[in-house]
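**Q** Could you work out the structure for the sequence below:
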Amino acid sequence: MKLSRRHFIAGLSASAAAFATRGVGAVAEPLYPPTDLSVFRRPITPAPAEIRFGYHAITWGDDNMRAIREIAELGFRGIQLRTNIFKDVGKDPARLRDLLAQHKLQFVALSSGGVQTATDANEEVRKHVDHARFVRDAGGLYLQVTDAARPPKGAPTAEDFKRLGRLLTEIGRRTADLGIPLGYHNHMHSLGEAPDEVDRILDSADPRYVKLELDVAHYHQGGGDPVRAIKRYRDRLLFFHIKDVEPTGPDGRRDYRFVELGRGRVDLPGVFAAMREVNFRGWAIIELDAVPDKSRTPRDSALISKRYVEERLGIKV
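**A** The predicted model follows:
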């Protein structure tokens, strides 16, 4: 049916006049069911903090099989491993996935090593992305990197931080494509040692792809307050390394050793209070690089730290 321009315009005018006469309230049936819009004026309450505890296999050195068995026996729910796990399972992620399932352990993270800025960038990206692919296929959650970018002599330059930030961003972008978030681990004797250096690295990296895996003892030893760091980076925290450290000589910055929880100088009650304050929901990996007292075993040290968390802090592992 053909409609003349004159009739079309007349029809539009009549419809507009009728709408103006009736008003919105004259609509016969509502388009949508009535909704109490006041609900949108009430902020959504954030979920409370939920901390899940794992333990790092590093204390057992190269004996990963014993580490897996004893960490599970102690009741920890997760484990972090290093790349030396490849000597036990090869590059077969299914073997590791099945092994950890037998012990009811979540593969939380793989320590992927230090990011080198002085070598070929493409090779660095490839290496860490390959590790992330292994983590994904083994049922793991995160990839952890430190850095090996601190100059041997002299203070780091602004370009050192920018170069590392760019490289971390590229690695993190690729691991994100695999579904594995990247966590940067602050560390003594690295570019990210002092608090302001950690700031500069994270400022140079894209926050979408590079998160902070905060090691509270390294941060303390580097001259920082981990409680303040938790609050400062509350929106960028991926997971934690929970450890303790004590001085061993006159140079408090350079003379130190890591010890079981509660036996050093880290404000661990403050750390956990801050984690609850920022509603952190995720993994806290208890770590001890080596047993400080050689009369004890790695299992003994892990039990000391577990008891500290449960008996002194009142948190169930």
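**Q** Show the subsequent helix or strand relative to the worst-scoring helix or strand of the chain on mean pLDDT.
**A** Lowest on mean pLDDT, DSSP states H and E among the helices and strands of the chain sits helix 5-22, with a mean of 49. Downstream of helix 5-22, the first helix or strand assigned by DSSP states H and E is strand 50-56.
**Q** quick one: residue 151 and residue 160 touch, right?
**A** Yes. Contact criterion Cβ atoms under 8 Å: residue 151 and residue 160 qualify, at 6.7 Å. No exception for glycine: its C-beta is placed from N, CA and C like everyone else's.
**Q** out of those two, which sits in the busier spot?
**A** residue 160 (20 against 11; other Cβ atoms under 10 Å).
**Q** Phi and psi next, for that one.
**A** Residue 160 has phi and psi values of phi -60, psi -40 when expressed as degrees, to the nearest 10.
**Q** thought it was touching residue 117?
**A** Yes. Contact between residue 160 and residue 117 holds when scored by Cβ under 8 Å: they sit 7.3 Å apart.
**Q** which residues do those two both contact?
**A** Counting by Cβ atoms under 8 Å, 6 or more residues apart in numbering, the residues touching both residue 160 and residue 117 are residue 149.
**Q** roughly how far is stretch 90-101 from the heart of the chain?
**A** With Cα atoms, centre = their mean, to the nearest Å as the basis, stretch 90-101 stands 22 Å off its chain's centre.
**Q** Show me what the mean pLDDT comes to for it.
**A** Averaged over stretch 90-101, pLDDT sits at 97.
**Q** contacting residues around that stretch?
**A** By Cβ under 8 Å, 6+ apart, the list of residues contacting stretch 90-101 reads 68, 79, 81, 85, 89, 106-107, 134-139.
**Q** Please enumerate the helices of this protein.
**A** Secondary structure of the chain (DSSP state H): helices at 5-22, 64-73, 86-89, 93-102, 121-137, 158-177, 195-204, 216-221, 226-232, 268-277, 298-307.
**Q** Output those in a markdown table; the columns should cover distance to residue 51.
**A** Shown next, in a markdown table, are the helices of the chain (distance: least, Cβ to Cβ, whole Å):
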| stretch | distance to residue 51 |
| --- | --- |
| helix 5-22 | 59 |
| helix 64-73 | 17 |
| helix 86-89 | 28 |
| helix 93-102 | 20 |
| helix 121-137 | 21 |
| helix 158-177 | 24 |
| helix 195-204 | 22 |
| helix 216-221 | 13 |
| helix 226-232 | 12 |
| helix 268-277 | 6 |
| helix 298-307 | 14 |
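**Q** Where does pLDDT dip in this structure?
**A** Along the chain, the model assigns pLDDT under 70 to residues 1-46.
**Q** 90 instead?
**A** 1-49, 118-119, 148-155, 251-254 (pLDDT under 90).
**Q** which residue ends up closest to the midpoint of it in space?
**A** Among the residues of the chain, the one closest to the centroid is residue 238, at 1.7 Å (Cα atoms, centre = their mean).
**Q** Tell me who's in contact with that residue.
**A** Taking Cβ under 8 Å, 6+ apart, we find residue 238 in contact with 142, 181-183, 211-213, 282.
**Q** between these, which is nearest residue 202?
**A** Ranked by distance to residue 202 (Cβ to Cβ), the contacts of residue 238 are led by residue 212 at 6.4 Å.
**Q** Could you verify my assumption that the closest one touches residue 233?
**A** Yes. The pair residue 212 and residue 233 qualifies as a contact (Cβ under 8 Å) at a distance of 5.0 Å.
**Q** quick one: which of these two has more around it?
**A** residue 212 (26 against 18).
**Q** ok so, going back, derive a ChimeraX selection command for the buried subset of the contacts of stretch 90-101.
**A** Listed next is the ChimeraX selection for buried residues among those, using 16 or more other Cβ atoms under 10 Å:
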select :68,79,81,85,89,106,107,134,135,136,138
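**Q** Distance to residue 171 added to the contacts of stretch 90-101, as JSON lines?
**A** Listed next are the contacts of stretch 90-101 as JSON lines, based on distance: Cβ to Cβ, whole Å:
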{"residue": "68", "distance to residue 171": "27"}
{"residue": "79", "distance to residue 171": "23"}
{"residue": "81", "distance to residue 171": "19"}
{"residue": "85", "distance to residue 171": "20"}
{"residue": "89", "distance to residue 171": "23"}
{"residue": "106", "distance to residue 171": "23"}
{"residue": "107", "distance to residue 171": "19"}
{"residue": "134", "distance to residue 171": "14"}
{"residue": "135", "distance to residue 171": "13"}
{"residue": "136", "distance to residue 171": "14"}
{"residue": "137", "distance to residue 171": "18"}
{"residue": "138", "distance to residue 171": "19"}
{"residue": "139", "distance to residue 171": "21"}
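**Q** Cool, thanks, talk later.
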